[in-house]
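Trainee: Here is a sequence together with a model predicted from it:
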Amino acid sequence: MKITQYVPKESLLTGPAGARVLVVDDEEFLRFLVREWLEQAGYTVEEAADGREALGKLDGRGHDFDILLTDIRMPIMDGIALLREWLQRSPNTAGVVMSANAELDIAVSALKLGACDYITKPFGNDVLLITLENALRKKELERQVEDYRLNLEKKVKEQTDVINLMYVRSIDAMVKALEAKDDYTRGHAQRVTIYSVAIAREMGLPEREVEDIRRASVLHDLGKIGVREAVLNKPAALTDDEFREFARHPGISVNILEPVPFFRPILPAILHHHERYDGRGYPGGLAGDEIPLASRIMAVADTFDAMTTTRAYRKALPAEDAVAELRACAGTQFDPGIVSVFLSCREKIRIPAECGIS
């Protein structure tokens, strides 16, 4: 019977068929016999008398051998222990165990550990070659499935990134429309973002949290697009009804952004950026550490920028007056720790000209 040798894509080729096999068995004659058969078929073969000796032949690169053919019962380290350790260190190897009929339950255990196949003693040349070919085919199929999975995940991620970019551009257009609607707050979102990111970095927050705060700050007032201009630009104090309309804007922001998975992690920060440290804010009446950290950071940045820019209802305050107000409201309106951090780094913050204070 002629056996056509299978050569896996990543084999270390050293012979006509090329696949490298490590034969592990404490019976020297069996190793000799198996080696003769495999070398005649074109395999490159090495031997080991037990599991410990076999592990010594690993070079740590993960491609030492294409096949590990091991007996189960051996001194020092048996085949099951060897297989477990080997496949952890060299998962690309196709494991095949040799067992007696009475050890079939152990052979099944080997399959559960990741072995590709088993062969029962005694066996002939043809059975051995077919078993090894099948093991190599199975390992190659596993590699192909893994490649397909990785490529599919990559394609899904690429498509998701495209969709997210489209959403971000749409939301950015809405932010620009909001700024066009309210001349007094042009550049406000950008400045709040700069202040918030500076606070987060001064606090030593992880970069992922800093990035979430950046995105939340840019979008924190998006919901004002659903508030009438007469309310946004009113040059006098708001009535109770007008304030209730204005206070809806965090919820409107969330309603706009919630359908997009990309924005969901930052929704709590946006929703609660008007909460007060003493629990008298909106919309949830949260207090202290109940308020998301990002919201507490944005509250300080948002209020400082609001105080130091001209609005329809008042002129901009000098920075010194705004600083005094932050200190006075620390512990009531604001998280005192965040106020302290902001004041410690405020003078180092630079606002680009295009986001300049009006």
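Mentor: The structure has been received and is ready for your questions.
Trainee: Can you pull the domain assignment for this protein?
Mentor: With domains defined by automatic domain parsing, the chain comprises 20-150, 182-355.
Trainee: Could you export these as a markdown table, including mean neighbour count and mean pLDDT?
Mentor: Backbone N, C-alpha and C define where each C-beta goes, glycine included. As requested, those are exported to a markdown table (neighbours: other C-beta atoms under 10 Å; pLDDT from 0 to 100):
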| stretch | mean neighbour count | mean pLDDT |
| --- | --- | --- |
| domain 20-150 | 18 | 86 |
| domain 182-355 | 17 | 91 |
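Trainee: Tabulate the ones you listed (JSON lines), appending distance to K157.
Mentor: Formatted as JSON lines, these follow (distance: least, C-beta to C-beta, whole Å):
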{"stretch": "domain 20-150", "distance to K157": "10"}
{"stretch": "domain 182-355", "distance to K157": "12"}
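Trainee: quick one: which of these is nearest M166?
Mentor: M166 lies closest, by C-beta to C-beta, to one member of those: domain 182-355, at 9.7 Å.
Trainee: gap between the closest one and the chain center?
Mentor: 28 Å (C-alpha atoms, centre = their mean, to the nearest Å).
Trainee: In the protein, what residue spans correspond to helices?
Mentor: 28-40, 51-55, 79-89, 104-113, 125-181, 188-202, 207-219, 229-232, 240-246, 249-257, 267-271, 293-307, 319-329, 336-345 (DSSP state H).
Trainee: Can you say which of those helices is nearest to L22?
Mentor: That would be helix 51-55 among those, by C-beta to C-beta, at 6.1 Å.
Trainee: now could you export just the CA positions of the closest one as CSV?
Mentor: The C-alpha coordinates for helix 51-55 follow below in CSV (Å, rounded to 0.1, in the frame of the first residue of the first chain):
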residue,chain,number,x,y,z
GLY,A,51,8.6,12.4,29.1
ARG,A,52,11.4,14.4,30.7
GLU,A,53,13.9,13.6,28.0
ALA,A,54,11.3,14.5,25.4
LEU,A,55,10.6,17.9,26.9
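Trainee: Take the helices of the chain and write them to a markdown table, including distance to I119.
Mentor: Shown next, in a markdown table, are the helices of the chain (distance: least, C-beta to C-beta, whole Å):
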| stretch | distance to I119 |
| --- | --- |
| helix 28-40 | 10 |
| helix 51-55 | 17 |
| helix 79-89 | 12 |
| helix 104-113 | 9 |
| helix 125-181 | 5 |
| helix 188-202 | 61 |
| helix 207-219 | 50 |
| helix 229-232 | 79 |
| helix 240-246 | 77 |
| helix 249-257 | 59 |
| helix 267-271 | 58 |
| helix 293-307 | 60 |
| helix 319-329 | 77 |
| helix 336-345 | 68 |
